[in-house]
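Colleague: Sequence unavailable; structure follows:
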């Protein structure tokens, strides 16, 4: 038993789709969430900068005494998951391996599509992981640089969003039977994506898949929170304006949450002083 | 990627039910199995002896260069899982936590039954794990000392088996909505058990649940076997007569397997010589 919270990090609000899955699958666990909306999206940034930012988020979560970290961001997972996992003594989960495994299990014809940020797609990491597990798979990858900014600006239901998704996904329509939403922002666009791809295409939410793994690892490492602790208080932090973050979160969670602003540059001083 | 086999240990043939689940869920992974049928059943033995025997099986598997160990025996898991897991650098899975978690998810009325060997039931470990995760559950535990010997003697379809199961389970009939098969031998008696308990009672196969966790941990620790290696050659060892072991295994797996006898006392010399 371990009653400490689970840490979630993301470039912005996308990881909220993963946090919501945790609330659904493991309602007795507590969340500390940090979204780096001030510097989102991570996708178009150079790898070294993404690595540096991701470590700042990890260090913030460590000051909150988390028992596990979920890298709820495909871009950060692609760049830094293995390094963070190997450096920390607590379990660290990414979203890419769970999404890859689920896609292999889901596909019927062996034609898998991957959509993600420019960095995730350029890293080719989904294709690598899928082909390592199942070399016979055909993988079509597509960078969708406009999707995460749409979500960060709370435009996921607008007519602009519909037009952008329709135009962006055109190269994949009719070519895959399974599509991995390789960015945690994308489940917020899910109805539009499903509509464009057609009802027969299975959409894989890598974040939701990741939470199934969280459950197994909580068991394996014996870190489950006791259900005797009846109160659950999640905490959300953003590096940008809490108002915009809260507007998206309230809508996504279907409940009011409290969001605090955090200045990560202050964190360095705090860590040095400790 | 790691192409080494996964080690399975059991007091006898019961763990074959867990191995079969691995073949079904992860057909590209290879198995090294050791069953201690010469000293089965473990259930009625004192804890210290079970601990000693289990370590002998673990040490045998380590000589075969396994990448992960599945303690495919509830009695051995109850007595020694945590100690073995903490001592080895490779992942070690037991069957009790996966079974407990699955029972909590499965139950509708919160009335869970546990059946197991005398040692597993006396350890009270299922009730402890279930109540720690979900204190509101009502757990009814029942020792079934005659079940594992029935299976070890290949009598699982006999009229004696039906009578024994019927009489043994009487105290639980009508009192639980979910029943954990807390011994890996029991899935071999599943049709009879389901018949006695009634079709509305959900039977939890702790071994099958454990293999779902194996899949997640292979991902997490990046130990999956490459699917490019097309040949899969499982190896089975028993401390007793290979003929009797093989008769049960062939029937259970619905395919012929090769079984070798192993003398664990020779192993000590071998390890000393290395």
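Modeller: Perfect, thanks for sending it. Owing to the predicted nature of the structure, the values given are computational and were not obtained by experimental measurement.

Colleague: can you pull the contacts of the closest residue to chain B within chain A?
Modeller: When scored by C-beta to the nearest C-beta, chain A has residue A:216 as its residue closest to chain B, at 4.1 Å. The way it works is simple: take the backbone N, C-alpha and C, and place the C-beta from them, glycine included. By C-beta atoms under 8 Å, 6 or more residues apart in numbering or on different chains, the residues touching residue A:216 are B:212, B:213, B:216, B:217.

Colleague: Switch these over to a markdown table; also include secondary structure and pLDDT.
Modeller: Shown next, in a markdown table, are the contacts of residue A:216 (DSSP: H, G, I helix; E, B strand; the rest coil; pLDDT from 0 to 100):
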| residue | secondary structure | pLDDT |
| --- | --- | --- |
| B:212 | helix | 90 |
| B:213 | helix | 94 |
| B:216 | helix | 93 |
| B:217 | helix | 95 |
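
Colleague: Between those, which sits nearest residue B:238?
Modeller: residue B:213 (25.6 Å; C-beta to C-beta).

Colleague: which parts of chain A sit against chain B?
Modeller: Residues of chain A lying close to chain B by C-beta under 8 Å from any C-beta of the partner chain are A:1, A:91, A:93, A:97-98, A:101, A:132-136, A:212-213, A:215-217, A:219-220, A:222, A:224, A:226-228.

Colleague: I'd guess residue A:246 is in a helix, am I close?
Modeller: Yes. Counting by DSSP: H, G, I helix; E, B strand; the rest coil, residue A:246 is located in a helix.

Colleague: gap between the residue lying closest to residue A:65 once chain neighbours are set aside and residue B:103?
Modeller: Using C-beta to C-beta, 6 or more residues apart in numbering or on different chains and skipping the chain neighbours, the partner closest in space to residue A:65 is residue A:4 (5.6 Å). Separation of residue A:4 from residue B:103 (C-beta to C-beta, to the nearest Å) stands at 25 Å.

Colleague: what's near enough to touch residue A:62?
Modeller: Residue A:62 sits next to A:7, A:88 when contact means C-beta under 8 Å, 6+ apart.

Colleague: repeat that for 10 Å
Modeller: Shown in contact with residue A:62 (C-beta atoms under 10 Å, 6 or more residues apart in numbering or on different chains): A:7, A:69, A:88, A:90, A:271.

Colleague: Ok, residue A:188 next?
Modeller: Residue A:188 neighbours (C-beta under 10 Å, 6+ apart): A:13-14, A:16-17, A:147-148, A:150-152, A:154, A:156-157, A:161, A:181, A:248, A:251-252.

Colleague: Residue A:4 and residue B:103: which is more packed in?
Modeller: Between residue A:4 and residue B:103, counted using other C-beta atoms under 10 Å in any protein chain shown, residue B:103 has the larger neighbour count: 28 against 16.

Colleague: Help me confirm that that one comes into contact with residue B:131.
Modeller: No. With contact defined as C-beta atoms under 10 Å, residue B:103 does not reach residue B:131; the gap is 11.5 Å.

Colleague: shared neighbours, the two?
Modeller: Counting by C-beta under 10 Å, 6+ apart, the shared contacts of residue B:103 and residue B:131 are B:137, B:139.

Colleague: Would you mind measuring from the most centrally placed residue in chain A to residue A:187?
Modeller: By C-alpha atoms, centre = their mean, the mean C-alpha position of chain A lies nearest to residue A:72, the distance being 3.0 Å. Per C-beta to C-beta, residue A:72 is found 11 Å from residue A:187.

Colleague: repeat for residue A:155
Modeller: Residue A:155 is 15 Å from residue A:187, where distance means C-beta to C-beta.

Colleague: okay, those two: which has more neighbours?
Modeller: Counted by other C-beta under 10 Å, residue A:155 and residue A:187 do not tie: residue A:187 has more neighbours, with 24 against 14.

Colleague: Could you look up the SS state of the nearest residue to that one once chain neighbours are set aside?
Modeller: Among residues not flanking residue A:187 along the chain, residue A:17 sits closest, at 4.1 Å (C-beta to C-beta, 6+ apart). For residue A:17, the secondary structure call by three-state DSSP comes out as helix.
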